[in-house]
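Engineer: Starting from these lines, generate the structure:
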Amino acid sequence: MTNAAPQIKPWIEAMHAYVPGKSSAGTPVVAKLSSNENPWGPSPMAVAAMQDVIAQGHRYPDPASTSLREALGDKYGVNPAHIICGTGSDEILHMIASAFAGPGDEIIHVRHGFAVYEGATRRVGATPVVVPDVDYTGDIDAILAAVTPATRVIYIANPNNPTGTLLPAADIRRLIAGAPSDVVLVLDCAYAEFVEGDYEDGLTLAQSLPNLIVTRTFSKIHGLAAQRIGWAVAPLPIIAALDRVRGPFNVTTTGQAAAVASLADDTHLDMVRRETIRLRAFLEGEIVALGNAGLRAIPSACNFILIEFPEGGPVTAADCNQYLFDHGIICRYLAAQNMPRCLRISIGTETETRTVAAALRDYVEGAA
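Structural biologist: Presented below is the predicted three-dimensional model:
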């Protein structure tokens with residue numbers, strides 16, 4: 001025996017734990033706008049469905065999420081055999097790295113992309129290749145130029161979190177066409193329902209191409225973040241590979257029931273989409289009106305807006321974040337993601353959105 005302690009793998013030691021948005025403040029919370037949640041909550045039909053099955057808590061859930069995959073297939077015109085479900089889309093993103101990459105391999109993501117991509121990469125010992133973007137928007141040419149013989153996976157979110165920016169359908173199709181067939185291309189569409197206009201969701205292509213995976217979630221427009229339900233569409237060989245690394249019974253019975261019911265409630269989903277888009281436009285207009293102070297609203301196709309602050313004072317992202325926090329408004333300061341000039345604000349209810357707009361204005365006027 002020795003006195004040596006267990007040694008963590010070096011690639012795990014290089015990881016940083018995922019940092020979620022704050023959920024509490026030093027004062028009573030007026031508006032929690034840090035995690036891109038649906039402030040109107042889930043469909044009443046989804047709540048009722050969860051209540052109906054809660055007494056089955058002593059039984060394991062359907063490991064294949066059969067009813068949910070069938071409901072998704074009906075809703076989106078996808079063969080259920082091409083669908084896999086996960087504990088949020090986060091689990092699926094990790095499953096992809098686990099199935100297709102390891103030490104010595106490379107995984108590509110954009111500089112201002114979703115933080116989980118780097119975590120999934122480092123978790124399996126692969127090397128992250130971070131591609132510069134252009135004004136917070138992915139650069140297709142730069143992504144394709146970064147591909148090497150060691151590349152195994154490309155992650156790209158469209159629209160993108162945390163920037164909210166959208167790549168047009170033609171650019172996404174160019175990326176799909178340009179990615180080598182032996183490189184897994186992951187099109188992360190967590191915010192697809194909030195897009196207006198030209199958009200490639202990839203669902204049809206993912207059933208026919210050998211290397212395309214499209215990930216989606218019930219955490220955003222469906223308001224089921226607490227239930228942790230994600231899903232993906234992919235070619236059958238990839239589905240089979242992901243099933244090998246998927247956790248058993250990974251989607252809860254309540255989650256499956258809620259998701260199936262939510263898919264059927266078009267009235268609720270339409271309301272959430274309509275109100276999100278309306279209030280997003282309102283908040284963007286309020287930020288634009290503060291442009292003389294150097295604030296810039298990055299055009300968003302998501303349920304949040306990214307604000308870029310000037311490099312110098314008197315107004316800064318850090319100070320504004322603290323001001324809002326002190327007034328019970330919790331947003332997401334992005335210094336930990338190498339964006340120290342940026343603050344991300346989720347779209348809340350009418351009252352919450354107007355409250356944060358007024359607080360932004362008060363902060364700018366007070367700092368001027």
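
Engineer: what about L203, which SS state?
Structural biologist: For L203, the assignment made with DSSP: H, G, I helix; E, B strand; the rest coil gives coil.

Engineer: and I84, helix, strand or coil?
Structural biologist: For I84, the assignment made with three-state DSSP gives strand.

Engineer: so where do the helices sit in this structure?
Structural biologist: With DSSP state H as the criterion, the chain has helices at 10-13, 44-53, 66-76, 88-100, 115-123, 140-145, 169-178, 236-245, 253-263, 266-288, 317-326, 350-367.

Engineer: packing partners for the second one?
Structural biologist: Where contact means 3 or more Cβ pairs under 8 Å, 6 or more residues apart in numbering; DSSP states H and E, helix 44-53 is packed against helix 253-263. In short, each C-beta sits where N, CA and C put it, glycine included.

Engineer: Quick check: which helices or strands does the helix it packs on pack against?
Structural biologist: helix 44-53, helix 66-76, strand 229-233.

Engineer: repeat that for 7 Å
Structural biologist: helix 44-53, helix 66-76 (3 or more Cβ pairs under 7 Å, 6 or more residues apart in numbering; DSSP states H and E).

Engineer: mind checking which of those is nearest L295?
Structural biologist: Nearest to L295 among these is helix 44-53; the distance by Cβ to Cβ comes to 37.0 Å.

Engineer: Give me the below-cutoff pLDDT ranges for the stretch 251-368 of the chain.
Structural biologist: When residues are selected by pLDDT under 70, none of them lie in the stretch 251-368 of the chain.

Engineer: Tell me how far the residue nearest the centre of the chain lies from D270.
Structural biologist: Centrality entry for the chain: nearest residue to the mean C-alpha point is A190, 5.0 Å, by Cα atoms, centre = their mean. Using Cβ to Cβ, to the nearest Å, A190 is found at 19 Å from D270.

Engineer: Check Y333 too.
Structural biologist: Applying Cβ to Cβ to Y333 and D270 gives a distance of 33 Å.

Engineer: Pick out whichever of these two has more residues nearby.
Structural biologist: It is Y333, of Y333 and D270, that has more neighbours when counted by other Cβ atoms under 10 Å, with 21 against 12.

Engineer: Pairing partners for that one in the sheet, please.
Structural biologist: With DSSP bridges as the criterion, Y333 is bridged to L343.

Engineer: Pull the contacting residues for it.
Structural biologist: 317-318, 321, 343 (Cβ atoms under 7 Å, 6 or more residues apart in numbering).

Engineer: a markdown table please, covering the residues you listed and showing neighbour count.
Structural biologist: Below are the contacts of Y333 laid out as a markdown table (neighbours: other Cβ atoms under 10 Å):
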| residue | neighbour count |
| --- | --- |
| A317 | 22 |
| A318 | 13 |
| N321 | 25 |
| L343 | 23 |
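
Engineer: Can you lay out these as JSON lines showing distance to L68?
Structural biologist: As requested, the contacts of Y333 are exported to JSON lines (distance: Cβ to Cβ, whole Å):
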{"residue": "A317", "distance to L68": "40"}
{"residue": "A318", "distance to L68": "42"}
{"residue": "N321", "distance to L68": "38"}
{"residue": "L343", "distance to L68": "36"}
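
Engineer: of all those, which comes closest to S208?
Structural biologist: Among the contacts of Y333, L343 lies closest to S208 (Cβ to Cβ), at 41.0 Å.

Engineer: any idea how far the closest residue in space to P132 that isn't next to it in sequence lies from L236?
Structural biologist: In space, and not counting its chain neighbours, P132 is closest to R111: 5.4 Å by Cβ to Cβ, 6 or more residues apart in numbering. For R111, the distance to L236 (Cβ to Cβ) stands at 33 Å.
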